[in-house]
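**Student:** I would like the atomic coordinates for the input below:
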Amino acid sequence: MTLRRSTFVAWLATVLALTLGLAVPAHAADPTAAAKATAWLGQQTIDDPGQIADSLIALAAANDPAQAATVDRLVTALKEKGAAYAAGSPEAAAKAAVALEAAGEDPRTALGTDLIATVKNGIAADGSFGSYPGPFASGLAAVALTRADEDVPAALGTYLLTFHNSDGGFTYQAGQPSDADSTALALQALTALGDDASVTKTVAWADQNIQADGSYTGFNPVNSTAVMAAALATAGKNVDASVVYLVSQQQTDGSFLNAGAPDVLATAQAALGLSGVSYLDATWSPTAQDSASPAASASASASATPGAATSATPAGWLDPSAWIGSAAAVIILLGAAVVGLRRTSAR
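**Tutor:** Sure thing, here's the model as predicted:
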């Protein structure tokens, strides 16, 4: 009887451990802070097609229904101005394609020109892509093609790896030190290509080069940290520290700064990092989630101290929605345990 009871208890402990383990999220995000960032973007007059594309990707990442009108407005603006923008370079075509894909539009038809064909035609025989070949351009191309269900040519990956330094990071130019921005875009391309060995080396570089406050150095630490956190989160890595850093840099109006002034690109990229979503998986589907009402959140937190975390669930903490199901399973298992022990004792 004692053996049976011990076996049953051991089984129960194992199942409980596994069940509770399922409640721990793979990585942190701060939806409230992301919503504040996109609410600020929605209040700006954005005419530049490149910034329109960046803002659309950010809005898709935050995926807040309160910004539906802004998404519609920016999609319309990109359709009006995007064709001329995309004709400027293959990189521009790739970014416009990613923005349209993120917004739920078809990049082959939305602008009256096939952006995916433009991207494919922009890949040279040696795998280089765009007017200024490098990790940023290659990353955008790989993402645009992957999201369009197109194969990424192996040559693009081979060429990309010429920028892979021995320390595991990527550089914008051969012979230069690795940097977070290049590494983040390269990591998304490697993820799309399924190059697991190179992904592992690249993630190791990120682990070794994160600063004590969770940031990454770059031309603007906010941008560099945001794109790196987004790429790492998509690769399934924990980015709690970087999310906390980004929240600490957010202004009371929801914006993020570059050179001391609120900046559209910094805020758009910060929204990606705060959402734990990269160019690869930012998707506008507002009906799939409940809204935290970003406009209301931005207004309600207008008197908050800059840099203070505003999420009801701080980064790195468990979201109640993540453990309710597991808690129910625990209760059921405990009930089963009582019944099982009674039956064992009766034998």
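**Student:** center of the protein, which residue is that?
**Tutor:** Centroid check for the chain by CA atoms, centre = their mean gives residue 277 as the closest residue, at 1.7 Å.
**Student:** ok, that residue - contacts?
**Tutor:** 29, 60, 61, 230, 233, 234 (CB atoms under 8 Å, 6 or more residues apart in numbering). C-beta: built from backbone N, CA, C; applies to glycine.
**Student:** now swap in residue 225 and tell me
**Tutor:** Here residue 225 is in contact with 180, 214, 215, 216, 218, 242, 245, 246, 273 (CB under 8 Å, 6+ apart).
**Student:** Show me the strands in this protein, by range?
**Tutor:** 257-258, 261-262 (DSSP state E).
**Student:** Would you mind listing where the stretch 51-200 of the chain has pLDDT under the threshold?
**Tutor:** By pLDDT under 70, the stretch 51-200 of the chain has no low-scoring segment.
**Student:** related to what we said a few turns ago, name the member of the contacts of residue 277 with the most neighbours.
**Tutor:** With neighbours taken as other CB atoms under 10 Å, the top of those is residue 230, carrying 31 neighbours.
**Student:** what's that residue in contact with, if anything?
**Tutor:** 61, 184, 269, 272, 273, 275, 276, 277, 278, 279 are the contacts of residue 230 under CB under 8 Å, 6+ apart.
**Student:** With distance to residue 191 added, can I get those in CSV?
**Tutor:** CSV is the format used below for those (distance: CB to CB, whole Å):
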residue, distance to residue 191
61, 16
184, 11
269, 18
272, 14
273, 16
275, 17
276, 14
277, 13
278, 8
279, 10
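**Student:** Inside helices: which ones of these?
**Tutor:** 61, 184, 269, 272, 273, 275 (DSSP state H).
**Student:** quick one on the thing from earlier: from the contacts of residue 230, which single one is nearest residue 107?
**Tutor:** Taking CB to CB as the measure, residue 107 lies nearest residue 279 of these, at 13.1 Å.
**Student:** Could you check how far the closest one is from residue 93?
**Tutor:** To residue 93, residue 279 is 14 Å away according to CB to CB, to the nearest Å.
**Student:** quick one on the thing from earlier: looking at the ones in helices among the contacts of residue 230, state which has the most neighbours.
**Tutor:** Ranking the ones in helices among the contacts of residue 230 using other CB under 10 Å puts residue 273 first, with 35 neighbours.
**Student:** hang on, isn't that residue packed against residue 231?
**Tutor:** No: using CB atoms under 8 Å, residue 273 makes no contact with residue 231, being 9.3 Å away.
**Student:** so, if you compare the ones in helices among the contacts of residue 230, which one comes nearest to residue 106?
**Tutor:** Among those, and counting by CB to CB, the member closest to residue 106 is residue 61, at 19.8 Å.
**Student:** returning to what we had before: now the strands of the chain as TSV including distance to residue 86, mean pLDDT and mean neighbour count?
**Tutor:** Conversion of those to TSV gives the following (distance: least, CB to CB, whole Å; pLDDT from 0 to 100; neighbours: other CB atoms under 10 Å):
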stretch	distance to residue 86	mean pLDDT	mean neighbour count
strand 257-258	25	98	16
strand 261-262	27	98	12
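**Student:** Next one: residue 82 relative to residue 185, how far apart?
**Tutor:** Residue 82 is 21 Å from residue 185, by CB to CB.
**Student:** Residue 120 now?
**Tutor:** 19 Å.
**Student:** out of these two, which sits in the busier spot?
**Tutor:** Neighbour tally, residue 120 and residue 185, criterion other CB under 10 Å: the higher count belongs to residue 185, 27 against 19.
**Student:** one step back: include distance to residue 128 when you put the strands of the chain into a markdown table, please.
**Tutor:** Converted to a markdown table, those look like this (distance: least, CB to CB, whole Å):
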| stretch | distance to residue 128 |
| --- | --- |
| strand 257-258 | 29 |
| strand 261-262 | 35 |
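**Student:** closest one to residue 67 among these?
**Tutor:** strand 261-262 (17.6 Å).
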